[in-house]
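Colleague: Make a model of this:
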Amino acid sequence: MKKTYKFLYLLLIPFTALLVSNMSGSIGGKTGSPGDGGANCTECHIGTPITQSGWIETNIPTNGFTPGETYEITVNASHSGAGRFGFELTAEAATGAKLGGFTLTDPTRTRFTNGSNAITHTSSGNSGGNSTSWSVDWTAPQDQAEVRFYAAVNGANGNGSNTGDQIYLTNLFVNQALPAVLISVDPNLAEKGSSPEITLIGENTTWNSETPVVSIVNVDNNTEVYTAASVTVISDEELVAIIHIPFEATVGSYTVQAGDVSLPGAFEVTVVSGLETQSADEFRMYPNPLSSDVLSVESNQEGDLLVYSLDGKLVQHYKVNSGMNKLSLNELQSGMYIVVGQTNGNSFTQKLVVQ
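Modeller: As a prediction, this is how the structure comes out:
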């Protein structure tokens, strides 16, 4: 009889050791994931697991994770009157390969297991009640379209045995964020001297979270940049920008930039083809067409008169005084020009025909 007791005692030693071990965390490979062969806590605790949705939460954006970025992963647990809680969390590809890298943020309550490919509780992190949670940092891998998080949770009754516990299985699948791109610009051309209202359409952009700086950049000269005076965000993937294109702008192709995204050569700056006369009380210019060498300019303020060719080159710059001014334009060849008058805070633009 003594031998029988001794034999039973020897059997209890590893079982007791297992229970003590599980109080300080999973032995590893028990998340119920494909990479763990579907094994879960019922390998050690008697019962049937219950699938539970929404128990894994992250701060990964809704559009997905970015490779190399670090995110917080939280496993939540709920079981009425649990004597203790335990868990194991892992991250895998669809093939079952372990992905990313975990970093402990609460080493008092969590620790590594399964060769650092998973996280589990410690003896200080298994306290009971009605609910609990554990958090850890996870760094996203490269070249993965999807990552799958799996966790097994034990709502234990704390009776010191492997019976009467409830095992829960939960998972969360997260896609990699697709790169943001700029896909259309409308209108895609404007004349020199105009201020077009341009609608930009993006894809996978997040313009609602932060209004981007919008500019056009000369394809042949990246120092020639014109930035939008105003940007109105319509949605994450649509905005409207107003860009003033001066008369001295270079005719040609421009890359459109909106924050970190761009569309090369998507916009054209063209020569002036039509210009309505903009009158101003400060200036009066005549005759027009000009058949002599003298242009009369009446101004009620001191200011400037700038004469541009249709391709945007400044060809003459005159200072004008208050009153009547007689300006010699004998150096101008026959053709059409753009005249910009400027006084303190005011301006007008008009075509001038030189015969």
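
Colleague: show me the contacts for Ile245.
Modeller: By Cβ atoms under 8 Å, 6 or more residues apart in numbering, the contact set of Ile245 is 190-196, 216, 226, 269. Just so you know, the C-beta spots here come from the backbone N, C-alpha and C atoms, and that holds for glycine as well.

Colleague: Restricted to buried residues, select those in ChimeraX.
Modeller: Entered in ChimeraX, the line below selects the buried ones among the contacts of Ile245, by 16 or more other Cβ atoms under 10 Å:
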select :190,191,192,193,194,196,216,226,269
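
Colleague: In three-state terms, label the most centrally placed residue in the chain for me.
Modeller: For the chain, the residue nearest the mean C-alpha position is Thr206 (4.9 Å; Cα atoms, centre = their mean). At Thr206 the chain is in coil, as set by DSSP: H, G, I helix; E, B strand; the rest coil.

Colleague: nearest to Ala77, of the contacts of Ile245?
Modeller: Ile216 (53.9 Å; Cβ to Cβ).

Colleague: what sits opposite that closest one in the beta ladder?
Modeller: Taking DSSP bridges as the rule, Ile216 bridges to Tyr226, Val256.

Colleague: wait, the residue nearest to the centre of the chain sits on Ala180?
Modeller: Yes - under the criterion of Cβ atoms under 8 Å, Thr206 is in contact with Ala180, at a separation of 7.3 Å.

Colleague: Residue ranges in this structure under the pLDDT threshold?
Modeller: Residues of the chain meeting the criterion pLDDT under 70: 1-22, 159-162, 273-282, 345.

Colleague: Do you have the helices of it handy? List them.
Modeller: Using DSSP state H, the helices of the chain run over residues 2-23.

Colleague: Can you show me the strands along the stretch 151-300 of the chain?
Modeller: For the stretch 151-300 of the chain, applying DSSP state E, counting those that start in this stretch gives strands covering 166-175, 181-186, 189-191, 197-203, 214-218, 225-227, 230-235, 238-242, 252-258, 261-270, 283-286, 294-299.

Colleague: for the first one, which positions count as buried?
Modeller: Read it as strand 166-175. Applying 16+ other Cβ under 10 Å to strand 166-175 flags 166-172, 174 as buried.

Colleague: From Val75, how far out is the residue nearest to Gly54 when sequence neighbours are not counted?
Modeller: In space, and not counting its chain neighbours, Gly54 is closest to Thr170: 7.4 Å by Cβ to Cβ, 6 or more residues apart in numbering. Distance of Thr170 to Val75, computed by Cβ to Cβ, to the nearest Å: 8 Å.

Colleague: Show me the common contact partners of these two, please.
Modeller: In contact with both Thr170 and Val75: 55-56, 151, 153, using Cβ under 8 Å, 6+ apart.

Colleague: Gly252 reaches Glu268, doesn't it?
Modeller: Yes - judged on Cβ under 8 Å, Gly252 makes contact with Glu268 at a distance of 7.2 Å.

Colleague: by how many degrees do the longest strand along the chain and strand 166-175 diverge?
Modeller: Longest strand in the chain by number of residues (criterion: DSSP state E): strand 70-92. Orientation check (axes from the mean of the first three to the mean of the last three Cα atoms, to 10 degrees): strand 70-92 against strand 166-175 gives 110 degrees.

Colleague: just checking, what packs against strand 70-92?
Modeller: On a contact count with 3 or more Cβ pairs under 8 Å, 6 or more residues apart in numbering; DSSP states H and E, strand 70-92 meets helix 2-23, strand 56-58, strand 118-121, strand 127-139, strand 146-156, strand 166-175.

Colleague: Try it again at 10 Å.
Modeller: Under the contact definition 3 or more Cβ pairs under 10 Å, 6 or more residues apart in numbering; DSSP states H and E, strand 70-92 sits against helix 2-23, strand 56-58, strand 101-103, strand 110-113, strand 118-121, strand 127-139, strand 146-156, strand 166-175.

Colleague: which outside residues touch the fourth one?
Modeller: Translated: strand 110-113. For strand 110-113, contacts defined as Cβ atoms under 10 Å, 6 or more residues apart in numbering pick out 24-31, 75, 87-90, 102-104, 118-125, 134-136.

Colleague: Now find how far off-centre that strand is within its chain.
Modeller: Offset of strand 110-113 from its chain centre (Cα atoms, centre = their mean, to the nearest Å): 32 Å.

Colleague: List the buried residues of it.
Modeller: Result for strand 110-113 [16+ other Cβ under 10 Å]: buried residues 110-113.

Colleague: closest to Thr42 among those residues?
Modeller: With Cβ to Cβ as the yardstick, the closest approach to Thr42 among the buried residues of strand 110-113 comes from Thr113, at 17.2 Å.

Colleague: where's the closest one relative to Gly323, distance?
Modeller: Counting by Cβ to Cβ, the gap from Thr113 to Gly323 is 90 Å.

Colleague: With Phe173 instead?
Modeller: 77 Å.

Colleague: Next: Thr108.
Modeller: 85 Å.

Colleague: again with Thr110
Modeller: Plainly put, Thr110 is 84 Å away from Gly323 if you go by Cβ to Cβ.

Colleague: same question, Ala266
Modeller: Taking Cβ to Cβ, one finds Ala266 at 48 Å from Gly323.

Colleague: Likewise for Gly155?
Modeller: 92 Å.

Colleague: Name the residues contacting each of Thr206 and Ala180.
Modeller: By Cβ under 10 Å, 6+ apart, the residues touching both Thr206 and Ala180 are 63, 236-237, 259.
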